[in-house]
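Novice: here are the coordinates; sequence isn't available:
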């Protein structure tokens, strides 16, 4: 064999052997998803770029592809993100029902959705406090005492949420889950150097600090702080990367008729 052809052949083999393959098999019993086009997207150059697309046919859909390293991605319908997923080597199972949305079967996806399950449980407990408050009013309870009790419960839940998120991010600084979850929990906020963010950044590794979204968030938060302290005068563009990586809709949201 010609030496040049041999070199090209060996290079191709080596590059192929280094690539990871993801295989996503999904099912859904949400009738409104049937016939919809799903898009698999990843964040690139401050925007969500399409990797693949497929139709939901009789409650089933699939994606597959190769990648150099694990990546956070999201499954979209039109411009709406319906589910985060980690693209990594292996077989990934996605299940979308009227009661749950979950990606499983690979190490990082299992970790991500175990975290999301705990996070959603604490959020549900926080929302339940509103119901308790309304119920207390209807029952004619002493509102001063009730409000104090509910405030104490809220602070306890909020502390547990902070601990859950902080521990998860710091324990995943060097894989895509750290920056990915940081993106999810800060995506709707005006960037600020809150005590929680400062604790995260004081421990952060270079991998985490150099993440595209994390860098944007910290730089913008510093600018906001400088404006508030009168150290800067001209505002800078505040638009966040169009990451689409906020928290996915609830099953009830997905059950609503789509336009």
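Specialist: Perfect, thanks for sending it. This one's a predicted model, so the numbers in the text were calculated from it and none came from an experiment.
Novice: Every contact and neighbour count from this point should use C-alpha atoms.
Specialist: OK.
Novice: Please tell me how far residue 213 sits from residue 199.
Specialist: Distance of residue 213 to residue 199, computed by C-alpha to C-alpha, to the nearest Å: 18 Å.
Novice: Next, name the residue at the spatial heart of this protein.
Specialist: residue 184 (4.2 Å; C-alpha atoms, centre = their mean).
Novice: helix or strand right after the strand or helix carrying it?
Specialist: Assigned by DSSP states H and E, residue 184 belongs to helix 177-186. Of the helices and strands lying after helix 177-186 in sequence (DSSP H and E), the nearest is helix 195-203.
Novice: Can you name the residues in contact with that following helix?
Specialist: 162, 166, 169, 170, 209 (C-alpha atoms under 8 Å, 6 or more residues apart in numbering).
Novice: would you list those in TSV and tack on neighbour count and pLDDT?
Specialist: Conversion of the contacts of helix 195-203 to TSV gives the following (neighbours: other C-alpha atoms under 10 Å; pLDDT from 0 to 100):
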residue	neighbour count	pLDDT
162	14	91
166	19	95
169	22	97
170	20	97
209	18	96
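Novice: can the residues you listed go into TSV with extra columns for distance to residue 49 and secondary structure?
Specialist: Converted to TSV, the contacts of helix 195-203 look like this (distance: C-alpha to C-alpha, whole Å; DSSP: H, G, I helix; E, B strand; the rest coil):
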residue	distance to residue 49	secondary structure
162	31	helix
166	29	helix
169	25	helix
170	27	helix
209	22	helix
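Novice: just those residues now: which is nearest residue 45?
Specialist: Using C-alpha to C-alpha, residue 209 is the member of the contacts of helix 195-203 that sits closest to residue 45, with 16.7 Å.
Novice: Which residue is the nearest non-sequential neighbour of that closest one?
Specialist: Once flanking residues are discounted, residue 209 sits nearest to residue 215: 6.2 Å by C-alpha to C-alpha, 6 or more residues apart in numbering.
Novice: In the host helix or strand of the one you found, which residues are buried?
Specialist: Assessed by DSSP H and E, residue 215 sits inside helix 212-228. The neighbour-count check on helix 212-228 (16 or more other C-alpha atoms under 10 Å) flags 213, 214, 216, 217, 218, 220, 221, 223, 224 as buried.
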